[in-house]
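Peer 1: How does the following fold in three dimensions:
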Amino acid sequence: MSTTITDKKTTVPSIDGIPVEVRPGDRWPAPYRGSKYSVRRLAGADGRDRYRLVWARQDKLVHTPTPIGLIPLLRVSRPSITGSIRITSHREVLCKRLDPVSGLWVPYYIGMLDGDIEFEDTGFDLNPKDMSLGQFWRGFHFKHGETWAVWTRGGNEDYLYWSKRGVYFKSTKPYSELCKLVRDIRPKGGRIYITEHGHIWFNLNDAEVSYKYRDDIKQEMYNDIELFKSDPEYDTLIESISERIVATKLRPLYLGKIDDFGGPPRTYFEGGFSKGTRSEDEDDEDGDHSKGYKRMRR
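Peer 2: Numbers count the residues shown, from 1 in each chain. A predicted model of the protein is given here:
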C-alpha cells in the first residue's frame, strides 16, 4: 500500500472539550505536537533535487520519498513547501505558517496519513509486526510519538497527562488498563510515547522495573541482542538504541498498541493553543527533562 496524505477532514476537542471540525488548510485549534519530521529538497543519485520526507537528530538524517499528496496539501497550508511537520497519534499531519502580522508561527492542519511511513534500508521499522512487550523499540528513538505520562500522584484517576510550561493537561478519558500496565512494570510511572502508527514505547532501566516483569523483560532484551548480532542490517538501529541509552541512561522498549487500550488519546484543555510560537519547529509541550514532567512522578 502506498503512503498517502489525504484531504480528509478531522474532528478534535477544542476549548473545554467542544468538538471542532477541521479541514485541510484550516488553522489547527488543538496542541501542536506529535512525531517530528520535515520536508527538504535533497540531491538524488542523478544530481537532481527532490522533495524528501526527513527524520533528523543532530548530525543524523534519514529520508524517504514524500507521501503522495503531501506536497499539494502543504501548498494549501503554507507558501513554503520545506519545513517541519508533525504527525499526531491520530495520524493528523500538521505544519506551521508564519503570520506576517504577529510574527508568530501558527499551526495548520494539512491532511490525514493513510498507509505506513517507511524508511527503507535504514534499519528502522516504524510499524513493526508481532512485537512483544520488553523488546527494543524498532522505530526512531528521539522525536517519535506524542508524549504522555502516567501519574502515580493522588487524584490521577487513570488519565494520561502531559505538560506545557509546568501546567498539566490530561486526556479526555481515562486509560485504566494502560496506566495499570505501566505502573505494574514501572511503579514510579512516567512518560510513554504513542506514534502515528499506534505503537507505544517507553524508557526503562534495571532499577525501575518491577520484580513481576524483571525476568520477562530481561529475556526479551537478550533475545533481541542475539538477533541484532546475527544480521548487519540492524547496525543503524543498534547505534540509535545506544545513543538513546547514553542520552537518557534508559533503554527504549516496546509497550504495546494503543488500539488495545481504547485508541489514541485526545487532550482536554481550557485555553487556546493556536496563537503561534516564535520558532517554526517549536512544540506545545515541555521538554523531557522539564520540571513539569519530573513532578508527575513520586
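
Peer 1: Quick one: the strands in the stretch 51-200 of the chain, in order.
Peer 2: All strands of the stretch 51-200 of the chain, identified by DSSP state E, counting those that start in this stretch, fall at 60-65, 83-87, 92-98, 105-114, 146-150, 160-164, 167-171, 190-194, 199-204.

Peer 1: Mind putting these into a markdown table with mean pLDDT, mean neighbour count and distance to residue 40?
Peer 2: Every residue, glycine included, has its C-beta placed from N, CA and C. Output for these, formatted as a markdown table (pLDDT from 0 to 100; neighbours: other C-beta atoms under 10 Å; distance: least, C-beta to C-beta, whole Å):
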| stretch | mean pLDDT | mean neighbour count | distance to residue 40 |
| --- | --- | --- | --- |
| strand 60-65 | 93 | 16 | 7 |
| strand 83-87 | 97 | 22 | 9 |
| strand 92-98 | 96 | 22 | 13 |
| strand 105-114 | 97 | 23 | 16 |
| strand 146-150 | 96 | 24 | 23 |
| strand 160-164 | 93 | 22 | 28 |
| strand 167-171 | 92 | 18 | 31 |
| strand 190-194 | 96 | 23 | 24 |
| strand 199-204 | 97 | 23 | 25 |
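
Peer 1: so which of those strands comes closest to residue 21?
Peer 2: strand 105-114 (10.4 Å; C-beta to C-beta).

Peer 1: send the alpha carbons of the closest one over as CSV?
Peer 2: Extracted in CSV, the C-alpha atoms of strand 105-114 (Å, rounded to 0.1, in the frame of the first residue of the first chain):
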residue,chain,number,x,y,z
TRP,A,105,4.4,30.6,13.5
VAL,A,106,0.8,29.5,13.5
PRO,A,107,-0.2,25.8,13.3
TYR,A,108,-2.3,24.5,10.4
TYR,A,109,-3.9,21.1,9.5
ILE,A,110,-2.6,19.5,6.3
GLY,A,111,-4.4,16.2,6.0
MET,A,112,-4.6,12.6,7.2
LEU,A,113,-1.9,10.0,6.9
ASP,A,114,-3.0,6.9,5.0
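
Peer 1: Check which helices and strands it sits against.
Peer 2: Counting contacts by 3 or more C-beta pairs under 8 Å, 6 or more residues apart in numbering; DSSP states H and E, strand 105-114 packs against strand 4-6, helix 70-77, strand 92-98.

Peer 1: Now do the helix or strand following the shortest one, average pLDDT.
Peer 2: In this case it means strand 4-6. Using DSSP states H and E, the next helix or strand after strand 4-6 towards the C-terminus is strand 10-13. Here strand 10-13 scores 96 as its mean pLDDT.

Peer 1: any idea which residue of this protein is furthest from its center?
Peer 2: The C-alpha centroid of the chain is most remote from residue 46, which lies 33.1 Å away (C-alpha atoms, centre = their mean).

Peer 1: ok, the residue nearest to residue 79 when sequence neighbours are not counted - contacts?
Peer 2: Beyond its immediate neighbours in the sequence, the residue positioned closest to residue 79 (C-beta to C-beta, 6 or more residues apart in numbering) is residue 97, lying 7.5 Å away. Shown in contact with residue 97 (C-beta atoms under 8 Å, 6 or more residues apart in numbering): 77-79, 105-106, 108.
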